[in-house]
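**Q** just need the structure, nothing else, for what follows:
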Amino acid sequence: MLEVKLFPKDMGAIEIDPSNIKKCLVSGLFKEEVEVQGKKRYFYTYLTPDLEYNRCCLVIAPPDDTDILEFIEKSFWTEFAEKEKVFLHFLSPEEKWNYDGTDADYMNKVYVQIQARKYYVTMQDNIYAFGIGTGAVIAQQAAMKMTSEWSGMATFGDMNESAMLNASAVQKSENMGKVELSISAAKAQLPVWMFWTKNTGDNEKVCQYWKIQNETAEEKFSNGTADEIYFPTTVCKNSQINEEKISQVRVTNGYTGNLTEELFDQVWEFVKRARRHRCYGTKALRYFKDPEEYGAVLHTIQLEGYTRLWYEYVPKRVAEGGKPVPLVVNMHGRGGSAESFMDMSQMNCVAEDRDFIVLFPEASVYQQRPEGVRNILLWEGNYKGKKIDDVAFILAMIEDVKKRYPVDETRIYACGQSSGGMMSSELALKAPGVFAAVAPWSAIKDPDHAVPLREKIEPAVPYLFLFGENDWLCVDKENGKMEYKVAEDIAEFLQNLIRIYDLEETPGKYQCGEITYYVYRNKKKTPMLTVGTVRDMSHANYPWESWTSYDGFLSKFSKKPDGTLLYMGKEAL
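**A** As a prediction, the model looks like this:
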C-alpha cells in the first residue's frame, strides 16, 4: 500500500544533491491542500524517485466510483511516472463529482496550486488535463473555462449534458507576481483526444466545440487508435513564429472503460508534443522543441563542488565550416531550466538561420521563501548563505566551447529572461571585455539586492532592454519613472547608463508591431541603449524577441581585439 505523506514543514532543511541541483528533494505520494471558493479541498501529488523540476505535469480527474488511493496504486500510474519522469496530480471528488462547475474550478485551482514552488518546482508551460470515467466531464469543463493555460487534454468516458457548461465561460485573468504565473484565461486552441462509446449526442456536441475552437477542417482521418482525426485548416494568417497552429481533435469510439498503460502511452505521445508558453496577448501553443532531438548537445563541468550544465546548439553549417562565428549565451529565468528555455526562446532557430553558436546554460540555486526548497534555479544564487559565482561558470563555459569550435571573440553576446536578464546585465558589468552587447528581457537588475551604479563600464557594452507593459517586476503604472513607467530601481540603472555613456536624454521613439522602442544614442549616433515595451505582455518572453534581439541589435555590434566597440563596422564611441 502506498504511504500517503505530508510534505515536510521545512523543506529548506533538506540537503540538495550537488551532482543534480534541480532534483526533487523528496519522493512518494503526498496530500496537498487547495482552497476553492472559500472551501478546503485536497489532492494527491506523486513524485517518482529522482524526478527533476520542470518536467511535465498531469492533472487527473479520476472516476468517482473508485477509492482514490486504490485508483492510484492498482493502476499503472506509478510505473508510468517512473518511465516518463513526470509529475502526477490526482483530484479527489467529494463522494461524487459536482457537474455544476465547482469541481471544474477545483481542477483549475490545482493547476495554480502546483506552481507554488514550496515543495517542488513546476512550470506553467507543460501542464495537461486528463479525465477518466465520470471525471471526463470535469476535465472538459475545466479545459473549456481555462483553455489558454492547459497544453493538452484527453478524456476517457462519455459526456453528459453538463459537459458544455463552460462552453461560453472564461476564467478570470490574473497576474500572480513573484511565482511568475499569469492566467491569461481565454478561449484558445488545444490538442484534445476523446474516448467514448460513440460520437453522438452530448459526445458529438463536445467534439464539435473543439473542432470549432481548433479551426479544424471537415476532412476526417484515422489511425490505428483514433477513429476520427481532424487537422487544423491550412489557412493561417500569422507567421507561426510565436504560435503554431497544431491542435488536432482526435476521437476514439467504442471505448469500454478499460484504460490500459499501453493505450495511455499512445495518448501521452500525442498530448505531450504541445507546450503553452507565455507571450504578448494570449499564451501561445507550440510543438515542444526537445534539445537533443533538435541536435543540441548537453555538456557539464564541475565548479565549486556543483555539476553545472548547458545545452550547446551548433548548426551543421557552422560545425562543418571551420570559420569563427558569433556566440550567444541565452539564459533562462528563475525556476526555469536549460531545456525549457531553448524551447521557450527558440534562439536555436535564429542560430540555425544566422550561423552562430548558441548556449543555453543552467543557473545555480537559491531559496525563494522561508521553509521552502533551497534549490530553485536562479542566477547568481546562493546555498546556505554562500554565494555561487555564476559569472565564473559562464566564462568557463565559453572557454570550454572555444576548445572545440572556432568562436569569433569579437562577437560574443548575452541575453536572457527575468533572472536570465539580470544575469545578462551582470555579465556586461563584470565581464565587459568578453561581451560585445547584451539584451536583457523582463529584468535588468535584481530588485532584492542593491547593485552599485557604475561610474564606468569599460569597454562599453550596449544594452537592449525589452519588457512587457504589464510586467510586475519592471513596471509601476502609478509611480513609474521615465517614459515607460519603469520601477524606480530600474529607472536609476537606465539613467546611469545614459549618464556614463553620455547619451541623448530624450530618446528617439518608434513602434514596430507589438513593440514600442525608445532609442538613446551617443554623439556618434550609436544606439548604446534601446528600451522596448511589449504591448499586452506580463513577465514573459517569446520567440520573436530572440529574432529581433539578434537581427535588430546584437549582430550590429562587435569589438576589436583591443576592446574598441564597433557599430555596423564603424567605431561606436
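**Q** all helices for the stretch 151-300 of the chain, in order.
**A** 201-213, 261-271 (DSSP state H, counting those that start in this stretch).
**Q** need the pLDDT of residue 440.
**A** Predicted confidence (pLDDT) for residue 440: 99.
**Q** my guess is it contacts residue 416, does it?
**A** Yes: counting by C-beta atoms under 8 Å, residue 440 touches residue 416, with 6.7 Å between them. Just so you know, the C-beta spots here come from the backbone N, C-alpha and C atoms, and that holds for glycine as well.
**Q** what touches both of these two?
**A** Jointly contacting residue 440 and residue 416 under the rule C-beta atoms under 8 Å, 6 or more residues apart in numbering are 422, 424.
**Q** these two: which is more packed in?
**A** Taking other C-beta atoms under 10 Å, residue 440 and residue 416 do not tie; residue 416 has more neighbours (32 against 28).
**Q** which residue packs closest to that one, ignoring adjacent ones?
**A** Spatial nearest neighbour of residue 416, excluding adjacent residues (C-beta to C-beta, 6 or more residues apart in numbering): residue 331 at 3.2 Å.
**Q** and what of residue 298?
**A** Excluding the flanking residues, the one nearest residue 298 by C-beta to C-beta, 6+ apart is residue 311, at 5.8 Å.
**Q** next up, the contacts around the one you found.
**A** 291, 296, 297, 298, 299, 338, 339, 342, 359, 360.
**Q** kindly recompute the last result at 6 Å.
**A** Residues in contact with residue 311 (C-beta atoms under 6 Å, 6 or more residues apart in numbering) are 291, 296, 298, 338, 342, 360.
**Q** surely the fifth one and residue 359 touch.
**A** No: at 9.9 Å, residue 342 and residue 359 do not qualify as touching, with contact defined as C-beta atoms under 6 Å.
**Q** out of the helices and strands in the chain, which is least certain?
**A** Using mean pLDDT, DSSP states H and E, strand 174-175 stands out as the lowest-scoring helix or strand of the chain, at a mean of 64.
**Q** tell me the pLDDT of residue 182.
**A** Reported pLDDT for residue 182: 72.
**Q** re earlier: pick the most deeply packed of the helices of the stretch 151-300 of the chain.
**A** helix 201-213 (a mean of 18; mean count of other C-beta atoms under 10 Å).
**Q** show me what that helix is in contact with.
**A** Contacts of helix 201-213 (C-beta under 6 Å, 6+ apart): 159, 160, 161, 163, 164, 167, 192, 196, 199, 230, 249, 251.
**Q** swap in stretch 103-119?
**A** 7, 11, 34, 36, 41, 43, 59, 89, 91, 97, 122, 127, 138, 141-142, 145-146, 179, 181, 368, 372.
**Q** before we move on, what about stretch 554-564?
**A** With C-beta under 6 Å, 6+ apart as the test, stretch 554-564 has contacts from 410-411, 413, 433, 436-437, 439, 459, 462, 565-568.
**Q** report the buried residues of it.
**A** 554, 555, 556, 557, 558, 559 (16 or more other C-beta atoms under 10 Å).
**Q** in strands, which of those residues appear?
**A** Among these, the residues falling in strands (DSSP state E) are 557, 558, 559.
**Q** dump these to TSV, plus pLDDT and distance to residue 424.
**A** Below are these laid out as TSV (pLDDT from 0 to 100; distance: C-beta to C-beta, whole Å):
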residue	pLDDT	distance to residue 424
557	99	14
558	99	17
559	97	17
